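Enquirer: Dropping the sequence and predicted coords here.
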Amino acid sequence: MEKKDWNLQKRLRSFAYAGNGIRLLFTQPNACIHAVVMVLVILAGWWFGISRLEWCAILLCIGGVLMAEAMNTAVEALADKVSVEKDPLIGRAKDLAAGAVLIFVMAAVAVGLIVFLPRVLMLF
């Protein structure tokens, strides 16, 4: 097995690349919508004083949605680089990636309803 070169500068550079990826993610309109919702959910969690376990669920959902959106954006960028022409396989890949985001968003909404709906209903 080949020994990998562990170089601190390379590791730090990899964090810079990842940070750039996060910056690029938030240039996407859908990611900006997710960010607004994320801030609102965090504020609601603080306002309602949700439990540590509920925070874990909420934060995992936030991270998952953003991760799925980043992967979708990456698939779209690569697909557009491969071919600008209509291609059924590229269209399928893009649709699947977008569907993955939607699946995670639906799960996150369900978690949000489980955590927040009883608290909101108690206000009325």
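Expert: Perfect, I can see it now.

Enquirer: Point out where the chain drops to low pLDDT.
Expert: Applying pLDDT under 70 to the chain picks out residues 1-5.

Enquirer: okay, which residue is most central for it?
Expert: The centre of the chain sits closest to L66, judged by Cα atoms, centre = their mean, with a distance of 1.0 Å.

Enquirer: need the contact list for that residue.
Expert: L25, A31, H34, M38 (Cβ atoms under 8 Å, 6 or more residues apart in numbering). For the C-beta atoms, the positions are set from N, CA and C on the backbone; glycine is no exception.

Enquirer: now W55
Expert: For W55, the residues meeting the contact criterion (Cβ under 8 Å, 6+ apart) are G45.

Enquirer: please renumber so the chain begins at 32
Expert: New numbering, starting at 32: the last item is W86.

Enquirer: If we only consider the contacts of L97, which is nearest to A108?
Expert: Proximity of those to A108 (Cβ to Cβ) peaks at L56, which lies at 11.1 Å.

Enquirer: Which helix or strand contains the residue nearest to the centre of the chain?
Expert: Taking DSSP states H and E as the criterion, the element that holds L97 is helix 83-113.

Enquirer: quick check, distance from that helix to the centre of its chain.
Expert: The chain centre lies 2 Å from the centre of helix 83-113; the measure is Cα atoms, centre = their mean, to the nearest Å.

Enquirer: Which SSE is immediately downstream of that helix?
Expert: helix 119-153.
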